[in-house]
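Fold the stuff below for me.
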Amino acid sequence: MKFFVNRFVKNREVTVVIFLLILFSLVGLKNPAFVSPGNLMLTLKGSVMYIALAIGMAFVILTKEIDVSVGSILGMSAAVAATMLRNGSGLFSIIVVTLMVGIVSGLVNGIGVTKFKIPSIVMTLGTNGILRGLMFIYTGGKWVENLPDYFKQASQKSIFGNMNSFVFFTFIIMIIIHLYLTKARNGKYFAAVGDNLEGANLVGIKVNFMKILAFVLSGVFASIAGMVYVSQVGFVGNVAGNGAEMTAIASCVLGGVSLNGGVGSVLGATFGAIIMNSINTALVFLKVPAYWNNTISGLLLIVIVSSDALISRYLVNSAIKQRLSVKTESNGDGKKEEIGGEINEQI
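Numbers count the residues shown, from 1 in each chain. Purely as a prediction, here's the structure:
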C-alpha cells in the first residue's frame with residue numbers, strides 16, 4: 001500500500017489527471033452535457049490563456065521565485081495588441097511589439113530581483129501596479145473595441161476535424177517545453193537553481209542569468225496569453241487580466257510545481273490550468289451562482305494542496321521510521337527501547 005501511495009505522490013501529473021477525471025465524472029453524472037465532446041473542446045479552448053500563464057509562471061517558481069505581475073502584463077499586452085489591430089497594423093508587427101511588452105517587463109523584474117536583491121513578491125507587485133496604471137493611461141480608461149474579424153475568428157478555427165487550432169498549438173508548445181526542461185541540460189538548470197542555489201553556483205550555473213531568463217519567459221507567455229485573450233474575447237476592458245496571476249500560481253501548485261522551488265513540470269502546470277478552468281465551467285453546468293466561483297475554487301485548492309502535504313508528510317515519517325528501525329536492529333536488542341523513543345520524538 002505504501003508503495004502505491006509513494007508512486008501516487010511522486011507522479012503528481014498522474015494525480016492531477018485522476019482528479020480531473022473524477023471532476024468530469026461527478027459533474028457528468030449530474031449533467032451529461034458537461035462531458036459532451038463539444039463542451040470538452042470548449043473547456044480546453046477556454047483553458048488556453050491560463051495554460052500560457054501557468055507555463056510562464058512555472059519557470060519562475062522552479063527557480064524559487066514568484067511573479068504576481070503576469071495579470072497586468074496580460075492586460076497591457078492585450079491593450080497594445082488590440083489598439084494596433086484597430087489601427088490596422090500588420091500582424092507581424094503586432095506580435096513583435098506585444099511580445100516586447102512581456103520581454104521588457106520580465107527583464108525589469110529579473111534585474112530587480114537579481115541585481116538589486118528586491119524580493120520577487122515585492123518587485124513584481126510593484127511592476128503589477130505600474131503596468132496597470134500605464135494600461136489606463138494608454139487606453140484613456142476606455143475599452144478597446146471594433147477589432148477586425150480575422151483576429152477574433154482565429155480562436156474559432158479548427159484543424160484535424162474538430163480540434164481547435166489554439167488548443168493544438170498550445171499542447172505542442174507545452175510538450176516541447178516539457179521535454180526541454182526535463183531532457184535538455186540547460187533546461188534542468190531552472191530546477192537546479194531553485195533546488196540548491198549555492199550548489200548551482202558551485203557547479204558553474206549562471207544563477208542570476210537563469211532567474212532573469214525565467215522572468216522574461218514568464219513575461220513572454222503572459223503577452224501570448226494577452227493576444228489569446230484579445231482573440232477569444234474580442235475586446236479589451238479596463239480589468240483585463242485582473243486576478244490572472246492568482247489563477248496561474250494556483251494552476252502550478254495544483255500541478256505539483258513546488259513553491260519551494262526545484263520541483264514540478266509544465267505538464268503538471270498545464271493540467272492544473274485545465275482544472276482551474278474546468279471548475280468554473282462545472283459550476284455553470286451545476287447551476288451554481290457565479291459569485292460562488294472564487295470561494296469554491298479556493299476551497300478545492302486548499303483541500304487538494306493540504307491533502308498532498310499530509311500524504312507527503314506521512315511518507316517522510318514512514319521513511320524516518322524505516323531508517324531508524326534498521327539502525328535499531330544493527331545496535332542490538334539492548335538499545336531498541338531507547339531508539340524507539342527517538343522515533344516518537346522525531347515524528
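
In contact with the spatially most central residue of the chain, which residues?
In the chain, the residue lying closest to the centroid (Cα atoms, centre = their mean) is A54, at 2.4 Å. With contact set as Cβ atoms under 8 Å, 6 or more residues apart in numbering, A54 has these partners: 248, 251-252, 255, 266, 269-270, 272-273. Bear in mind the C-beta positions are built from the backbone N, C-alpha and C, glycine included.

A78 now?
Contacts of A78 by Cβ under 8 Å, 6+ apart are 226-227, 229-230, 236, 240-241.

As CSV, these with pLDDT would be great.
Formatted as CSV, the contacts of A78 follow (pLDDT from 0 to 100):
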residue, pLDDT
G226, 98
M227, 98
Y229, 97
V230, 97
V236, 97
A240, 95
G241, 95
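
Most neighbours among the residues you listed, which one?
The most crowded member of the contacts of A78 is G226, carrying 32 neighbours; neighbours defined as other Cβ atoms under 10 Å.

surely that residue meets S72?
No - with contact defined as Cβ atoms under 8 Å, G226 does not reach S72; the gap is 10.1 Å.

Okay, now the unreliable bits of the stretch 1-150 of the chain?
Counting by pLDDT under 70, the stretch 1-150 of the chain contains low-confidence ranges at 1-11.

swap the cut-off to 90 and go again
Residues of the stretch 1-150 of the chain meeting the criterion pLDDT under 90: 1-20, 23.

in it, which spans are helices?
For the stretch 1-150 of the chain, helices defined by DSSP state H, counting those that start in this stretch occupy the ranges 2-10, 12-30, 37-62, 70-86, 91-114, 120-139, 149-154.

out of these, deepest packed?
helix 70-86 (a mean of 27; mean count of other Cβ atoms under 10 Å).

Could you quantify the relative orientation of that helix and helix 37-62 as an angle?
120 degrees (axes from the mean of the first three to the mean of the last three Cα atoms, to 10 degrees).

how about a markdown table for the contacts of A54, with distance to G140 and neighbour count added?
Below are the contacts of A54 laid out as a markdown table (distance: Cβ to Cβ, whole Å; neighbours: other Cβ atoms under 10 Å):
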| residue | distance to G140 | neighbour count |
| --- | --- | --- |
| A248 | 28 | 35 |
| S251 | 33 | 30 |
| C252 | 35 | 31 |
| G255 | 38 | 26 |
| V266 | 37 | 28 |
| A269 | 36 | 35 |
| T270 | 36 | 29 |
| G272 | 36 | 34 |
| A273 | 32 | 29 |
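
Could you find the lowest-pLDDT member of those?
Taking the contacts of A54 together, the minimum pLDDT is found at G255 (89).

ok, that residue to H178 distance?
Distance of G255 to H178, computed by Cβ to Cβ, to the nearest Å: 11 Å.

sorry, back to before: nearest to S325, out of the helices of the stretch 1-150 of the chain?
Set against S325 and scored by Cβ to Cβ, the helices of the stretch 1-150 of the chain come closest in helix 2-10, at 13.7 Å.

Over to N260. Which of the three states is it?
Local secondary structure at N260 is given as coil here, using DSSP: H, G, I helix; E, B strand; the rest coil.

okay, now it: neighbour count?
For N260, using other Cβ under 10 Å, the count is 11.

How about it: what's its closest non-neighbour residue?
Spatially, and ignoring its direct neighbours in sequence, N260 is nearest to K64 (6.6 Å; Cβ to Cβ, 6 or more residues apart in numbering).

what's the pLDDT at V284?
We have a pLDDT of 88 for V284.

SS state for it?
The local conformation at V284, judged by three-state DSSP, is helix.

Count residues in the vicinity of it, would you?
13.

Now it: closest residue in space that isn't a chain neighbour?
A290 (8.0 Å).

do the same with G141
N238 (6.4 Å).

What helix or strand is the one you found located in?
Counting by DSSP states H and E, no helix or strand carries N238.

picking up where we left off before, cross the contacts of A78 against helices and list the overlap.
Assigned to helices by DSSP state H, the following of the contacts of A78 qualify: 226-227, 229-230.

mind giving me the domain ranges of the chain?
Listed by automatic domain parsing, the domain ranges of the chain are 2-288, 297-347.

distance between the longest one and the chain's centre?
Right, domain 2-288. 6 Å (Cα atoms, centre = their mean, to the nearest Å).

So which residues of the stretch 151-300 of the chain form helices?
All helices of the stretch 151-300 of the chain, identified by DSSP H, counting those that start in this stretch, fall at 165-183, 189-195, 197-202, 207-233, 244-254, 266-285, 293-331.

Check the gap between the nearest residue to L217 once chain neighbours are set aside and S77 for me.
Computed as Cβ to Cβ, 6+ apart, the closest residue to L217 that is not its neighbour in sequence is F59, at 4.7 Å. For F59, the distance to S77 equals 17 Å [Cβ to Cβ].

Show the contacting residues for the residue lying closest to G264 once chain neighbours are set aside.
Nearest residue to G264, sequence neighbours excluded (Cβ to Cβ, 6+ apart): V257, at 2.9 Å. Counting by Cβ under 8 Å, 6+ apart, V257 makes contact with 57-58, 61-62, 263-265, 268-269, 272.
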